[in-house]
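S.K.: Okay, predicted coordinates and the sequence, questions at the end:
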Amino acid sequence: MGAAYFVCGLLATMGITAWLVRKYGDPKISYGVLMIVYFTWMLSFSVVFVLPMDVSATFYMNCIKIWYCGQSGNEDTDGCGSKEDLLLPNMSAMCQDAVDCTCAKPASFVNDTLLTNFWNVIYWSSQALTWLILPITESYMSAGDFSFGQRLKSSLKENAIVYGSLGIIFIGVFAYVAVKDHLDQDGLKRVLIITSNTWGLLALVLLLGYGIVDVPRNLWTSSDIKRKQRHLQFKAAKLSTEIAEAESTEETINTDVRTMAGRVKQGDPLRKYVNIVLLKANLDDGEGGFEDYRPSGDAVDEPVTRSKLASLHKRVIKSKRVLNRCRCQWNDLMAQAIHVQDILSNRDSTDHHFSSNIGVPVRHAEAYWWWEVRIRPILWYILSGICTIMSIILLWSEISFSKTDPTLSIYALMVIHAGNAEHYINLEFLVFVTLLFMCVCTYTVIFKIRVFDFYYLVPGRQTDSSSMLFAAMILSRLTPALCLNFIALAHLDNHINKITLHQDLYFTQIQGHMDLFTAINMYYPIIMVVIAVFAFFSLGNRVLLLCGVQRYLEDDPETDELCAEGKILISRDRRRRERLGNAKTNMMSAKERIMDDSRAAAAAKRNRNGDEDDDGGSRGGWDDSAGSSDRDRERRVQRIDDAADDDADLDYEDYVPAAASSSGALGSKKSRTSRAKRDKSASASFGSKYVRGVCISFETSVSFILFRL
């Protein structure tokens, strides 16, 4: 039974991880990187299923240990009395064979070897991924060099600078501790574990302190459609500015690429690297198209080297990633904003049927109306209230976890009571829900955090490899710290509270304890409270707003202006989608009518052939007329496609924000339609503008349909 629970938990973790990797990962990411990210995320998520088993198994072994040490003659044997730290093997078997042992065995109980090996794999794999594999892989994917060896060399050099400086500090601290405490090999291992756990706990206090406030607030905001609409309008205005900045940066880098392409002539040994940069920048050199380009300033006197080309290549890669991320965000944001508009417009529906003039018709319109308009907001309110209560309990338990006499931690009181009463199902459920809530509060912040506008997870399979690897690094560093934090606030760490259990959890036997430094244990909860207060009153946003960074605040006049601007942008995009939807609907209706005519003609032909004599000439004449009719129908379908393209292209720029339409921020520059191929006599600039509009309209409509489904 225990093995089945263990396997089911791992399978559920693998499924959730696969869904998240598919949701965020760009299809262009290499399979090697995806496998590293998948393995790291799976290890991080698996603790939610395995740690409850560890806690229940430890309470069971603790019960057996109390029974065994209470037997006459066992007071000072291995595992009891002065030898309490020693583990007694086969305790479980001894209890099962004894008549007077009343300890109930958990349904999820597995042998200690399985749990020990699992935590060993979790810990050492996380350490290897955190400090070695993930940083090198992330730097390798971001490098602009042109060969495997050069990219690996740049990656190692970049990480050597960062970790070399940290290593010097660590060596100094370790030398001091070694001289003071006369450390041996086990002491060295303990110092390494403490150092790694300290970094993770300091990162956890920041993310968890913000998440316990942000998660309930986001759920509350989601239940208020008006407030959610206002927030989306603010994000639309801000994102349009980001698109303009990303396009401006890309144009500046493209100018540098053209300059470099003009300086490196055909036949130069460096020309093949220039062609790689041109391909990455989507610039067509043609037949030496940049040969006559004359750079200005002092650029003529600077020699072109391979390292400069690698640096330029890295800038091109970064600018493309940022711009693609902004485009995907825009499509997703517009789909959300239009959906919120539909919900508001359907609130007063008398027939209780959900309708929208964009996208495919809603199936089960009445049930969908009840879900979106009535049930879903109430559900968000309930979840927000539950998460608020759990946040208060968690914050209080964090503040009071070091106080053991009397016990003030609410989670400690509940866990100890359930464990001592041998209510293992309730115990595992409590541990599972608490860990799940802590993981949600911590990991959602990671999935929303933006580091230097480069590392950012974007749903819709639009997250690049660097951001995926960065998130994997953070998750692997936080996993041990998250477990240690829960064990401490539940009073399951013997180094903090020696009253609850007489033996360590299997987790702490491998990954150490939270008795890092007295100062950290003292100030750790204080820092979390400060972060939570900052998040609750949006003090961080107010500070950033004073520094000139646009942030969303309800009572700020600038927020009202940006919301008004965002409202206009969303209305334009909605009108554009409505025109595109009407054009496609008319086109499909006309095609269906033509196909009906074609089927009717084919049926008439079969009937006529059955009535006619076997005259080859007359039958051949009928076939010729049928072929002519088929060609006529094909031409009619083609004219309908042309008309639909013309209708979708009409006044396109009136419905797209200037920041997006100036250089195609919402669509691909390589896209071409059949209309552009046929209209060769038109000017290139005129044709490309309207062709890009059709492609953008198609992409945004597909994104909206997927969002609705």
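M.R.: Nice, I can see it.
S.K.: Can you give me the buried ones in the helix or strand in which W67 is found?
M.R.: Using DSSP states H and E, the element containing W67 is helix 31-69. By neighbour count on 16 or more other CB atoms under 10 Å, the buried set for helix 31-69 is 33-34, 36-65, 67-69. The way it works is simple: take the backbone N, C-alpha and C, and place the C-beta from them, glycine included.
S.K.: Stretch 416-436 now?
M.R.: Under the neighbour-count criterion of 16+ other CB under 10 Å, stretch 416-436 has 416, 418-419, 422-424, 426-428, 430-432, 434-435 buried.
S.K.: Quickly check those for the two that are furthest apart.
M.R.: For the buried residues of stretch 416-436, with distances taken as CB to CB, the pair at the greatest spread is E422 and L435 (20.8 Å).
S.K.: Helices along the stretch 51-200 of the chain, start to end?
M.R.: Secondary structure of the stretch 51-200 of the chain (DSSP state H, counting those that start in this stretch): helices located at 91-97, 112-128, 134-142, 148-181, 185-223.
S.K.: Nearest approach to I358 belongs to which of these?
M.R.: I358 lies closest to helix 185-223 among these, at 21.4 Å (CB to CB).
S.K.: in that closest one, what counts as buried?
M.R.: 191, 193-194, 196-197, 199-201, 203-205, 207-220, 222-223.
S.K.: Give me the helices and strands touching the helix or strand just after it, please.
M.R.: The helix or strand immediately downstream of helix 185-223 is helix 225-263, counting by DSSP H and E. Contacts defined by 3 or more CB pairs under 8 Å, 6 or more residues apart in numbering; DSSP states H and E place helix 225-263 against helix 185-223, helix 271-280, helix 306-345, helix 557-611, helix 658-661.
S.K.: before we move on, the earlier item: I'd like the helices of the stretch 51-200 of the chain as JSON lines, with distance to A18 appended.
M.R.: What follows is these, written out as JSON lines (distance: least, CB to CB, whole Å):
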{"stretch": "helix 91-97", "distance to A18": "35"}
{"stretch": "helix 112-128", "distance to A18": "18"}
{"stretch": "helix 134-142", "distance to A18": "19"}
{"stretch": "helix 148-181", "distance to A18": "27"}
{"stretch": "helix 185-223", "distance to A18": "24"}
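S.K.: Output those helices as a markdown table; include the columns mean pLDDT.
M.R.: A markdown table is the format used below for the helices of the stretch 51-200 of the chain (pLDDT from 0 to 100):
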| stretch | mean pLDDT |
| --- | --- |
| helix 91-97 | 70 |
| helix 112-128 | 85 |
| helix 134-142 | 86 |
| helix 148-181 | 76 |
| helix 185-223 | 80 |
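S.K.: same for the helix holding W67, what does it pack against?
M.R.: Counting by 3+ CB pairs under 8 Å, 6+ apart, helix 31-69 packs on helix 2-24, helix 91-97, helix 112-128, helix 134-142, helix 410-420, helix 424-448, helix 465-489, helix 506-511.
S.K.: could you dump the shortest one to CSV, C-alpha only?
M.R.: Only the C-alpha atoms of helix 506-511 are listed here, as CSV (Å, rounded to 0.1, in the frame of the first residue of the first chain):
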residue,chain,number,x,y,z
TYR,A,506,14.6,10.8,7.2
PHE,A,507,14.7,14.2,5.5
THR,A,508,16.8,15.9,8.2
GLN,A,509,19.1,12.9,8.5
ILE,A,510,20.2,13.6,4.9
GLN,A,511,19.8,17.4,4.5
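S.K.: what's next to it, contact-wise?
M.R.: By CB atoms under 8 Å, 6 or more residues apart in numbering, the surrounding residues in contact with helix 506-511 are 51, 54, 57-58, 112, 115-116, 119-120, 123, 193, 197, 480, 483-484, 487, 493-494.
S.K.: go with 6 Å
M.R.: Identification of contacts with helix 506-511 by CB atoms under 6 Å, 6 or more residues apart in numbering yields 54, 115-116, 119-120, 123, 480, 483.
S.K.: repeat for the fourth one
M.R.: Contact partners of helix 134-142, identified using CB under 6 Å, 6+ apart, comprise 151, 155, 158-159, 465-466, 469, 472-473.
S.K.: Check the secondary structure at M390 for me.
M.R.: Following DSSP: H, G, I helix; E, B strand; the rest coil, the label given to M390 is helix.
S.K.: residue contacts, F470?
M.R.: Y455.
S.K.: can you tell me how far it sits from V264?
M.R.: Plainly put, F470 is 33 Å away from V264 if you go by CB to CB, to the nearest Å.
S.K.: Which one of the contacts of helix 134-142 is nearest to L383?
M.R.: Proximity of those to L383 (CB to CB) peaks at A472, which lies at 27.9 Å.
S.K.: May I see the contacts of helix 134-142 organised as TSV, with neighbour count and distance to C387 added?
M.R.: Listed next are these as TSV, based on neighbours: other CB atoms under 10 Å; distance: CB to CB, whole Å:
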residue	neighbour count	distance to C387
R151	18	44
S155	20	40
E158	17	40
N159	17	38
S465	23	33
S466	22	31
L469	26	30
A472	27	26
M473	22	27
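S.K.: In TSV: these, plus distance to T350.
M.R.: Putting these into TSV (distance: CB to CB, whole Å) gives the following:
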residue	distance to T350
R151	63
S155	63
E158	63
N159	64
S465	51
S466	52
L469	53
A472	51
M473	54
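S.K.: Wait, a helix at D351?
M.R.: No - counting by three-state DSSP, D351 is not found in a helix; it is coil.
S.K.: what's the neighbour count on it?
M.R.: If you count neighbours by other CB atoms under 10 Å, D351 ends up with 8.
S.K.: Flag the shaky bits of the stretch 201-350 of the chain, pLDDT-wise.
M.R.: Where the stretch 201-350 of the chain drops to pLDDT under 70, the residues are 284-301.
S.K.: related to what we said a few turns ago, so among the contacts of helix 506-511, which ones count as buried?
M.R.: 54, 115, 119, 123, 480, 483.
S.K.: Max pairwise distance over those: which two?
M.R.: Farthest-apart pair in the buried ones among the contacts of helix 506-511 is L115 and P480; separation 15.3 Å (CB to CB).
S.K.: Looks like Q229 contacts Q341 (just checking).
M.R.: No - the criterion here is CB atoms under 6 Å, and Q229 misses it with Q341 at 7.2 Å.
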